[in-house]
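> how would this look folded up:
(chains A and B)
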Amino acid sequence: MTGIKPVTDKPKIPAIELKNVLFFYQTAAWQLSLPELTLQQGQHLFIKGASGSGKTTLLNLLAGIITPKQGEIKLGGEVFSSLSPAKRDTVRARNIGVVFQQLNLISYLSVLDNVLLSSHFAGHDKKASEQRARELLDSLGLAGELIEQQAAALSVGQQQRVAIARALLTRPALLIADEPTSALDADNRDSFMQVLLEQANACQTTVIFVSHDAGLRRYFSLQLDMQNLAQGVQPCC
Amino acid sequence: MLLKLARQSLWNRRGTALMTLLSLTISLVLLFGIDHLRKEARQSFTSTIAGTDLIVGARSGQLNLLLYSVFRIGNATANVSWATYQRISKHPQISWTIPMSLGDSHRGYRVLGTNSDYFSHYRYANQQALQFSEGQPFNEVYDTVLGAEVATKLGYKLGDQITLAHGVGAVSFSEHKDKPFTVTGILAPTGTPLDQTVHVSLEGIEAIHLDWQQGAPMPGRKISAEQALQQDLTPKAITAFMVGLDSRMATFVVQRQINEFKGEALSAILPGVALAELWQMLSMVENLLLLITLLVLVAGLVGMMTTLLASMKERQREMAILRAVGAHPWYLFVLIQLEVLLLTVMALLAAAVTLVVTLWALQEMLASSYGLFININPFSLQSLYWAGAVLLISALLACIPAFTAYRRALSDGLAIRL
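Modelled structure (predicted):
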């Protein structure tokens, strides 16, 4: 752990905590084993891994879509991995934001409705959420008529920024990003990284960012190598 | 939000959704249309004759008697003598009778010999009396009153002269050319076989047959129309007669008395009972038609499921996104169900509108050229049951794609297969 100072005076509760997590598929010899992973509120972690290294499985575990065969995952100090599927879905809606590689948006909904999806499932107040969604989109450089348009009409770069807005709308404890920049060109990629981390900091959200692109490591203070999970989280050089 | 998702998702796939809607609408129009026509047909069938308590003819089966006396189908096997008719009509409990003499035709339309009681006592549908669209009942021996269809199809108007033909074929070799009849009245459409009937007086029938014997003109004996009028035109026999009683309670008593009439072998039938028996024979066809319609509907619904199932693949991304933002797999299940529900409800509404508009547009034509009176409103309480059943079946069938969505949501997780 690097010396990131706690944001509150209360005793530190890790934003996310994995202990002795083991996962395997019945049909495959491969297994995922993660002895320890602890992140404090507001910390950003870079996970480096090529495709096929099990990062999708790790993300599914973190998002509560699947549960570990052994070990436990805590979110904000609460054990998350042993909840019922329905409860995990609710926890995900309220506390976890997800940004995919691409095609994050439901093409036939308007930009605003796409963003509001997360507050809908989190059960947040509609009016307040819409207000916040507009502000978020504005600060992400998406404003005006654009937000009433169908999502499919936007460029890839714009779509990814809308995805950030949706992931952060509910001020989640954790944001999971799965190669969100792989479809972007270099310029777009840098500006994307900037706004992502900027907005995440504004919400005090912990970020777990997965990519095979080692060049993005410079935005992060912590890293984890999928090839060598046993090593655990390492500070970035 | 759920409804918005379902609506916009459908709108997004509006091409295929529209096609699905179309096929579903067509099958629903068929279902409701045929169900309606079926009821209307039964209605119009059973309303062919009303207010008549008994039909009396020479002894025969009740269907035969009903068919030739009411539907003008087939022929009588024997006649009823005039004397017998006179005797029975004086029965104390009989209020009125309508004599019927059949056997001639005019260009394929049957000729009915009767008297003025016919116009005052005959009832159809809901006790409706006969109405004249033009003219009046016959007064003279050589007067005729045409059914609505006869007049429109053959283009007759008041004052036209027509000749009757012997026998009931469309083409006859022996016509009563020497004694033409003058059209004095045209009846309003009734939607019953009456529209296809040429009515003349019993005396007229008698007059044209004076110089005939055994169904053929007597050689060497010619009686002109004027000469015939001088003779006694009281008929010797009639084919059948309808009976109205003072009290319905007496129906069975009078029926038995007629059936046991000593002088002549007669049959008295209750038209309602005979109609019901006849309809029962026809109802198999009716049920078969309904079955076919139901199958068409099932085909339409299965088609809808096929399109939905096919679309599930391209919608994986949509499902994964919804999962990522916190949708429970059941939410996806309900979403698909809701889409099916929306489609089905829209199809039901579209079918209702199409049907009413079609009936409204066709009503005039059906009434004027086929004598079919069809109610514009095809809906009854039973239609609601139908609609409910359709919704239920589609919801059941929708479980297939909906469950696919549910299962995929569990197995695929956040992975988006591109």
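> mind listing the strands for the stretch 51-200 of chain B?
Assigned by DSSP state E, counting those that start in this stretch, the strands in the stretch 51-200 of chain B fall at B:54-58, B:80-81, B:94-106, B:109-114, B:123-124, B:128-129, B:132-135, B:143-146, B:161-162, B:165-166, B:181-187, B:197-201.
> ok, now chain A?
Along chain A, counting by DSSP state E, strands occupy A:16-24, A:31-39, A:44-48, A:70-75, A:78-79, A:96-99, A:174-178, A:206-211, A:222-225, A:234-235.
> so which of those is the most packed in?
strand A:96-99 (a mean of 28; mean count of other Cβ atoms under 10 Å in any protein chain shown). Where you see a C-beta, it was placed from the backbone N, CA and C, and this is true even at glycine.
> thinking again about what came up before, need the strands of chain A in CSV with mean pLDDT, can you?
As requested, the strands of chain A are exported to CSV (pLDDT from 0 to 100):
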stretch, mean pLDDT
strand A:16-24, 87
strand A:31-39, 85
strand A:44-48, 89
strand A:70-75, 89
strand A:78-79, 84
strand A:96-99, 88
strand A:174-178, 89
strand A:206-211, 90
strand A:222-225, 86
strand A:234-235, 78
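> which residues does the residue most central in space within chain A contact?
Residue closest to the mean C-alpha point of chain A, counted by Cα atoms, centre = their mean, is residue A:176 at 1.5 Å. Residues counted as contacts of residue A:176 (Cβ atoms under 8 Å, 6 or more residues apart in numbering or on different chains) are A:59, A:62-63, A:96-99, A:208, A:210.
> for chain A, which residue gets nearest to chain B?
Nearest residue of chain A to chain B, counting by Cβ to the nearest Cβ: residue A:93, 2.4 Å away.
> count residues in the vicinity of residue 182, would you?
This is for chain A. Residue A:182 has 13 neighbouring residues, counting by other Cβ atoms under 10 Å in any protein chain shown.
> chain B is the one I meant
14.
> list the contacts for it?
Each residue near residue B:182 by Cβ under 8 Å, 6+ apart is listed here: B:140, B:142-144, B:159-161.
> got the residue ranges for the helices in chain B?
Under the criterion DSSP state H, helices of chain B are mapped to B:2-12, B:14-46, B:62-70, B:82-89, B:117-121, B:148-154, B:202-208, B:225-230, B:251-259, B:271-314, B:316-324, B:329-365, B:381-412.
> how near is residue A:117 to residue B:11?
Computed as Cβ to Cβ, to the nearest Å, the residue A:117 to residue B:11 distance reads 17 Å.
> and for residue A:105?
Note on residue A:105: its distance to residue B:11, by Cβ to Cβ, is 16 Å.
> which one of these two has more residues nearby?
residue A:105 (27 against 10).
> how about that one, nearest residue that isn't a chain neighbour?
Once flanking residues are discounted, residue A:105 sits nearest to residue A:151: 3.7 Å by Cβ to Cβ, 6 or more residues apart in numbering or on different chains.
> isn't that neighbour right next to residue A:162, touching?
Yes - contact criterion Cβ atoms under 8 Å: residue A:151 and residue A:162 qualify, at 6.8 Å.
> picking up where we left off before, may I see the strands of chain A arranged in a markdown table, with distance to residue B:32 as well?
As requested, those are exported to a markdown table (distance: least, Cβ to Cβ, whole Å):
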| stretch | distance to residue B:32 |
| --- | --- |
| strand A:16-24 | 55 |
| strand A:31-39 | 58 |
| strand A:44-48 | 60 |
| strand A:70-75 | 55 |
| strand A:78-79 | 56 |
| strand A:96-99 | 47 |
| strand A:174-178 | 51 |
| strand A:206-211 | 56 |
| strand A:222-225 | 64 |
| strand A:234-235 | 71 |
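> ok, back up a step: okay if I get the strands of the stretch 51-200 of chain B as TSV plus mean pLDDT?
As requested, the strands of the stretch 51-200 of chain B are exported to TSV (pLDDT from 0 to 100):
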stretch	mean pLDDT
strand B:54-58	94
strand B:80-81	94
strand B:94-106	92
strand B:109-114	93
strand B:123-124	86
strand B:128-129	86
strand B:132-135	91
strand B:143-146	94
strand B:161-162	91
strand B:165-166	84
strand B:181-187	93
strand B:197-201	94
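> need the contact list for residue 123.
If you meant another chain, say so; for now it's chain A. A:90, A:93-94.
> that's the wrong chain, I meant chain B
Here residue B:123 is in contact with B:49-52, B:129 (Cβ under 8 Å, 6+ apart).
> filter the contacts of residue A:123 down to the buried ones and hand me the ChimeraX line.
Burial among the contacts of residue A:123 is assessed by 16 or more other Cβ atoms under 10 Å in any protein chain shown; the matching ChimeraX selection reads:
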select /A:90,93,94
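> let me know the closest of the contacts of residue A:123 to residue B:319.
Using Cβ to Cβ, residue A:93 is the member of the contacts of residue A:123 that lies nearest residue B:319, at 15.3 Å.
> burial of the residue nearest to that closest one when sequence neighbours are not counted, as a residue count?
Nearest residue to residue A:93, sequence neighbours excluded (Cβ to Cβ, 6+ apart): residue B:326, at 2.4 Å. Residue B:326: 28 surrounding residues under other Cβ under 10 Å.
> what sits closest to residue B:117 if chain neighbours are left out?
Residue B:117 sits nearest to residue B:98 (Cβ to Cβ, 6+ apart), 5.1 Å away.
> same thing with residue B:148?
residue B:189 (4.0 Å).
> quick check, that neighbour in contact with residue B:150.
No - the criterion here is Cβ under 8 Å, and residue B:189 misses it with residue B:150 at 11.0 Å.
> shared neighbours of the two, which are they?
Residues touching both residue B:189 and residue B:150 (Cβ under 8 Å, 6+ apart): residue B:195.
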